[in-house]
Each structure stands twice: as C-alpha cells, then as structure tokens.
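Student: The following block contains a protein sequence and its predicted model.
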Amino acid sequence: MSWRFEAELIEWRGPAPFVFAPLPAEASADVKAAARGLMYWGQVPVVATIGATEFDTAMWPKDGRFLLPIKVAVQRAERVDVGDLVSAVVRLPDEIV
C-alpha cells in the first residue's frame with residue numbers, strides 16, 4: 001500500500017535532520033490504520049521516494065499528522081530545502097506488509 005502526496009518542506013527543531021514533509025491529514029489517518037501493529041513509539045517505518053531518490057526512514061506523528069523526515073542526502077540529491085514543494089510517495093516496507 002502506498003500514498004502519494006505533495007507537501008511544502010518544513011523545518012522543525014526536533015530530532016535531526018530538521019527538514020520534513022508533512023503528510024496530509026487524510027493520508028496520515030490512512031497510514032495509521034494500515035500500520036497498526038507496525039508502529040513503535042508512534043513511529044511508522046516506510047520506504048519513501050522523492051524525485052528519483054528512494055530511501056528508508058520512519059515517520060512520526062506531530063499535531064495529528066505524520067512527518068516524513070527528509071535526509072540530508074535526499075535534500076542534496078533532489079536539490080530541495082525548506083519551503084520547496086515536493087511530490088512524495090511513501091509505502092510500508094515489503095518485508096513487514
């Protein structure tokens with residue numbers, strides 16, 4: 001199962017890497033329902049794609065939505081930063097679906 005969305009990258013002074021793509025509320029609710037039993041400490045492991053770059057990470061909840069952390073390597077490869085609008089796809093890892 002996968003979710004495609006567009007988001008403006010934000011900065012949050014939480015854990016590194018500081019740059020995140022917030023999932024829309026509806027997609028966040030869908031992810032939460034699909035990931036029951038997979039979540040740990042509220043985090044959901046996902047495989048994400050931005051542009052041509054695919055990466056493994058874990059999303060976590062904030063204010064009723066999930067935040068997708070954008071690794072520095074992804075930011076550099078796709079030339080994106082805070083304030084940029086990105087198209088992203090997230091999916092649950094194959095080995096745990």
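Tutor: That came in fine, so what should we check first?
Student: Run through the neighbouring helices and strands of the helix or strand where residue 47 lies.
Tutor: Using DSSP states H and E, residue 47 sits within strand 44-50. Under the contact criterion of 3 or more Cβ pairs under 8 Å, 6 or more residues apart in numbering; DSSP states H and E, strand 44-50 touches helix 25-34, strand 53-62, strand 65-69, strand 85-91. Where you see a C-beta, it was placed from the backbone N, CA and C, and this is true even at glycine.
Student: mind listing what the residue nearest to residue 70 when sequence neighbours are not counted touches?
Tutor: Spatially, and ignoring its direct neighbours in sequence, residue 70 is nearest to residue 19 (4.6 Å; Cβ to Cβ, 6 or more residues apart in numbering). Contact analysis of residue 19 by Cβ atoms under 8 Å, 6 or more residues apart in numbering lists 9-11, 69-70, 75, 81-82.
Student: rewinding a little: may I have the strands that pair with the strand holding residue 47, each with its orientation?
Tutor: Strand 44-50 pairs in its sheet with strand 53-62 (antiparallel), strand 85-91 (antiparallel), by DSSP bridges.
Student: okay, the ones you listed in a markdown table with mean pLDDT, distance to residue 35 and mean neighbour count next?
Tutor: Shown next, in a markdown table, are the strands paired with strand 44-50 (pLDDT from 0 to 100; distance: least, Cβ to Cβ, whole Å; neighbours: other Cβ atoms under 10 Å):
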| stretch | mean pLDDT | distance to residue 35 | mean neighbour count |
| --- | --- | --- | --- |
| strand 53-62 | 94 | 9 | 16 |
| strand 85-91 | 97 | 10 | 16 |
